[in-house]
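Q: Turn this into a structure:
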Amino acid sequence: MSNKTVAIKDYQVIPQQKEQTSKTAPFLHAVKSLIWFVGIPAWLFAICDRALAIFTKGHLSVLEFVQILTIVFFFVTWLYLKPEPSSESADEDQQNHQLDIDAERLEVYKGIVANRMLQLQEQHAISQEYTLSFPYLCQIYHLLNLKHLETIHSFSLNNLKVVGVSQFESTHNGGKIKFQTVLDSPFNVLRIWRQPLVDVNLTLLTPYTVELSIPVYNGKHIIVLFNAVPLNQGAHKFFIDIYTDLKWPKPLLQFLLHIAAIVTLFEDLPYLRKLAQRNIDRLFKSNKGSDCNTLWLYKRFVDLYGSSELSAQLPPSSAQ
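A: Numbering: from 1, shown residues only. Presented below is the predicted three-dimensional model:
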């Protein structure tokens with residue numbers, strides 16, 4: 001290995017008997033996270049209900065004090081029970097592998113993401129982390145295909161429509177597009193965040209990082225950074241960081257954003273599983289020659305990183 005090559009991350013091969021578990025792990029983690037987040041307002045309601053009852057009576061009895069103390073204790077305990085992504089521990093005789101990338105390029109990519117996160121640090125709202133048993137290229141393809149907002153996320157986005165792409169901009173490490181989306185339904189829940197017709201920015205910062213910027217009311221924005229870090233040919237780490245300058249109460253805002261992120265991940269899983277069953281080579285080549293504007297960023301990714309990323313993702317026999 002040359003001195004310009006470093007490992008992104010060590011990983012261990014998942015045994016055949018654990019394959020089914022690894023496929024269901026993201027779904028189970030998302031279910032646990034959803035239950036945990038729903039439990040928070042339930043406990044807060046219980047605390048407020050007891051506090052209001054005490055305030056109305058004007059005095060605090062020993063029994064009421066014990067009750068509210070117990071509720072607070074269980075609420076704090078509930079906060080500490082936040083589900084964490086499960087880690088698969090492999091046997092000692094399992095083979096270790098490394099996914100290699102040019103060190104200079106890797107430092108450039110890390111610097112771009114670190115600088116962007118530093119710029120947005122004061123607006124940080126939530127972070128989520130998942131280990132997904134799908135090739136990282138499936139995640140990138142999904143994130144860069146605008147039509148997936150209408151199809152894969154038709155439920156959570158309530159039939160949001162992509163009207164058209166109005167601006168294209170190539171960068172050294174990726175590109176940026178501006179596209180317009182419309183909320184057809186007057187009952188669309190997204191109206192609490194944004195106007196019915198807005199221009200949204202989607203940026204490919206690095207081959208591993210995608211940024212989505214959504215304007216909301218009064219010049220405010222919600223910015224989502226997606227980081228997909230490959231672990232091996234069949235798995236990747238998926239990080240979701242959401243930033244916003246909305247002046248809503250932070251606990252309420254974080255709760256809503258966590259729920260939104262979990263619901264969209266639920267919608268992603270069946271599609272990512274279907275993509276993973278396809279040949280990765282075909283995934284790269286499909287639609288490459290298409291003139292569809294909604295796939296412009298995907299084609300830009302293929303033009304910049306197609307050869308190197310494909311060879312890293314395919315088994316040795318296929319990559320040759």
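
Q: CA atoms for contacts and neighbours, from now on please.
A: Will do.

Q: Would you map out the domains in the protein?
A: Annotated domains of the chain cover 16-80, 104-319 [automatic domain parsing].

Q: export the helix or strand encompassing R105 as CSV, just CAs?
A: Using DSSP states H and E, R105 sits within helix 103-120. Extracted in CSV, the C-alpha atoms of helix 103-120 (Å, rounded to 0.1, in the frame of the first residue of the first chain):
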residue,chain,number,x,y,z
ALA,A,103,-5.2,10.3,1.4
GLU,A,104,-5.0,13.8,-0.2
ARG,A,105,-8.5,13.5,-1.6
LEU,A,106,-9.8,12.2,1.6
GLU,A,107,-8.4,15.2,3.6
VAL,A,108,-9.9,17.5,1.1
TYR,A,109,-13.4,15.9,1.5
LYS,A,110,-13.1,15.9,5.3
GLY,A,111,-12.1,19.6,5.2
ILE,A,112,-15.0,20.6,3.1
VAL,A,113,-17.5,18.9,5.3
ALA,A,114,-15.8,20.1,8.5
ASN,A,115,-15.9,23.7,7.3
ARG,A,116,-19.5,23.5,6.3
MET,A,117,-20.5,22.1,9.7
LEU,A,118,-18.5,24.8,11.4
GLN,A,119,-20.4,27.5,9.4
LEU,A,120,-23.7,26.0,10.5
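
Q: F73 and V113, how far apart?
A: Distance of F73 to V113, given as Cα to Cα, to the nearest Å: 39 Å.

Q: thinking again about what came up before, could I get the average pLDDT for the helix holding R105?
A: For helix 103-120, mean pLDDT is 88.

Q: name the helices or strands packed onto it?
A: The criterion is 3 or more Cα pairs under 8 Å, 6 or more residues apart in numbering; DSSP states H and E, and the helices and strands that helix 103-120 contacts are strand 197-206.

Q: Can you check what angle separates the strand it packs on from helix 103-120?
A: Angle, strand 197-206 to helix 103-120, by axes from the mean of the first three to the mean of the last three Cα atoms, to 10 degrees: 140 degrees.
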